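K.L.:
Need a 3D model of the sequence below.
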Amino acid sequence: MKQVYKTCLLFFMICLTTHIAAQHSHSLVNTSQSPFAKITGAALGDVQWTQGFWAERFSVCKNTMSPELLKTYMDEHISHSFKNFEIAAKRDTGSHAGPPFHDGDLYKAFESLASLYAVTEDKSLDKLMDEIIAVVVESQREDGYIHSPVVIEERRNSGKTHAFDDRLNFETYNMGHLMTAACIHYRATGKRTLLNVAIKATDYLYTFYKKASPELARNAICPSHYMGVVEMYRTTRNPKYLELSKSLIDIRGLMENGTDDNQDRVPFRQQTKAMGHAVRANYLYAGVADVYAETGDTSLLHPLHNIWENMTGAKMYITGACGALYDGVSPDGTSYEPPVIQKVHQAYGRDFQLPNKTAHNETCANIGNLLWNWRMFLLSGEAKYMDVAELTLYNSILSGVSLDGKDFCYTNPLSVSNEFPYKLRWSGGRIPYIALSNCCPPNTVRTLSEVQNYAYGLSDEGVWVNLYGGNQLNTTLKNGGKIQLRQTTDYPWDGKVTIVFEKTPEKSFTVFLRIPGWCKNASMTVNGIPEKQQLTSGTYAGIDRKWKPGDKIELLLPMEALLLTANPLVEECRNQVAVKRGPVVYCMESPDFPENNIFNVTLSANIHLTPKETKIGDSRMMLLEGKAKAPENTTWGNILYKEISAADKIVPVRLIPYYAWGNRGKSEMTVWINVSR
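P.N.:
Numbering: from 1, shown residues only. The predicted structure follows:
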């Protein structure tokens, strides 16, 4: 009997462990079984925004951003994205239209539907996804290949077009977004319909890379498929996919004519700096972090650490944005002879090369920065990665979409002037549809539909509170204990955060609360009793105890408006300051200065800025008000240099959150402002 009892108990424990692992496998990035990741996320749907900043943004995403974007992609007179799939599926006739990455645009928009469904369980979303999937299924070749431009052309002109003929055709990029969308859809709905498409596509890639030469394998442009392939491994546990993910990195070291534009001139394991096309770079770094989480290959982790230090220490904007240059030249290319000089598009430039008016800062690159830092946090539990993730979310990602959710930015400059003497290829400003490069809108929408999934982490020790906002968490700890808590706060406008436990397990566990790097003199109480531990900026504060329903944590993060200066090597920001309050970067915008040129305003180094609640459109926010100086005569005309004028006129100054600029009509804007000491 004892042996039978032990066998039954063992079977029960295995079943329980499997059930718990299955619950955690429903997270946005599934590291629940990743042997070299410390943290995993809560399951999709376990976090619900209840009030405040992110509840408002989620509502706009659900009610406007996502449905309006889908309408755009379904309307062939605006975008041919869905129509291309219908033609590839033989449901319609015609030719492919639009950029080659249009398939990926639809997959990203689809992922936003799946993420919204995970929270809302809206049956109309489920029905819409089923209808889209049916067309995608029919557009896939029998061998698993799926890319509408090639499939359409093959069916129109048999034998004249082949897979991977053109390395700029974005096939693997599109397939990567298919894989990610399929995993999210499967976790949100339990349906395998799109996952089966992704399995066939991943199998096709596995076979292709087994046979491909290194040169042909350079089709790995904008490598979203690195993340996608690892997520497919995590979802299916097919070891071939892990093998593929490792070979994707290894093959980069075999290139004879690689470029910094594609991060394959130097083998990844030898790279020490962020370089090349910023979107491709950040996607690569995120994908490599995924591979490390599964393999523990430290030859991958060391470059990631070095590149991260270089990016945050010399190449990242104060908003968390990446990719300073529209077009750059490789600073490390093998030759500067004109015939072979390496041009780098949308580039990380040299260290400290951070222009403001001509900043590129593609929204997709900024989202890539979030994806990379989230994965680095999952590996380590270090707060510095969540600090960067939070910075990008509130500033360089939110700036990519209008407050009403209808218009989008491709680039995110830190300064815009009506007197700028030439038109940039992608001017700063939002429009409903970016015809030739609409990759950023669906990326932004899927990201904002998923912010709640970054709010908490789970580890063997307990629960990690990463982002602050009004929400409810209802999840299962890694030891199987059920936990439910409610977070109440007016963050990011106020630093008071209250967490009340509504359901707790029998066993003790640790709650880790992030003390942001920008915060000084944080304090905390538990059930009204002050915590004695020192709360250090840029770390997590852990409280280990047996929690019970009704227990209350109150965290106070003092929020002062700070003037920040740049490293003197950032030439464009010399003798200027940026204003930051909490995680939010502020800017001056011309509608608030009808009688003064914003570029001539000078702040005092000891200025007192007062927060004041306001609204732009229907969006509530906190602006900052104070007094500054401006010169009487600000006319320049065609004059290049002139004698300095004293800035002695006192003027009222008003700053708004950077993400909110451009929502009151055409305007001038600047983040960096003149300062006098």
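K.L.:
what residue ranges in this protein score low on pLDDT?
P.N.:
For the chain, residues meeting the criterion pLDDT under 70 lie at 1-24, 159-161, 213-220, 255, 330-341, 426-428, 633, 647.
K.L.:
remind me, longest strand of it?
P.N.:
strand 619-630 (DSSP state E).
K.L.:
quick one: contacts of that one?
P.N.:
56, 403, 493, 561, 579, 581, 584, 586, 596-597, 600-604, 607-615, 647-657, 660, 663, 676 (Cβ atoms under 8 Å, 6 or more residues apart in numbering). For the C-beta atoms, the positions are set from N, CA and C on the backbone; glycine is no exception.
K.L.:
any idea which helix or strand comes after it?
P.N.:
Where DSSP states H and E defines the elements, the next helix or strand beyond strand 619-630 is strand 649-657.
K.L.:
Now, the contacts of strand 619-630 that are in helices?
P.N.:
Among the contacts of strand 619-630, the ones falling in helices (DSSP state H) are residue 56.
K.L.:
Separate out the buried members of the contacts of strand 619-630.
P.N.:
56, 403, 493, 561, 579, 581, 584, 586, 596-597, 600-603, 607, 609, 611, 647, 653-657, 660, 663 (16 or more other Cβ atoms under 10 Å).
K.L.:
just checking, residue 263 touches residue 276?
P.N.:
Yes. At 4.8 Å, residue 263 counts as touching residue 276 under the criterion of Cβ atoms under 8 Å.
K.L.:
who has more neighbours, those two?
P.N.:
It is residue 276, of residue 263 and residue 276, that has more neighbours when counted by other Cβ atoms under 10 Å, with 28 against 24.
K.L.:
List the single closest residue to the more buried one in space, sequence neighbours excluded.
P.N.:
residue 260 (4.2 Å; Cβ to Cβ, 6 or more residues apart in numbering).
K.L.:
Can you pull the phi and psi angles for the one you found?
P.N.:
Residue 260 has phi and psi values of phi -70, psi -30 when expressed as degrees, to the nearest 10.
K.L.:
What of residue 323?
P.N.:
phi 90, psi 70.
K.L.:
Run through the residues that contact it.
P.N.:
Going by Cβ under 8 Å, 6+ apart, residue 323 touches 277, 278, 279, 346, 347, 348, 360, 361, 362, 365.
K.L.:
helix or strand for residue 119, which one?
P.N.:
If you go by DSSP H and E, residue 119 is part of helix 102-120.
K.L.:
go on, residue 201?
P.N.:
Residue 201 is located in helix 193-211, with elements delineated by DSSP H and E.
K.L.:
Next secondary structure after that helix?
P.N.:
helix 224-236.
K.L.:
counting contacts, what elements does that following helix pack onto?
P.N.:
Identification of packing neighbours for helix 224-236 by 3 or more Cβ pairs under 8 Å, 6 or more residues apart in numbering; DSSP states H and E yields helix 171-189, helix 193-211, helix 239-250, helix 278-295.
K.L.:
okay, the angle between that helix and helix 171-189?
P.N.:
Angle between the axes of helix 224-236 and helix 171-189 is 30 degrees (criterion: axes from the mean of the first three to the mean of the last three Cα atoms, to 10 degrees).
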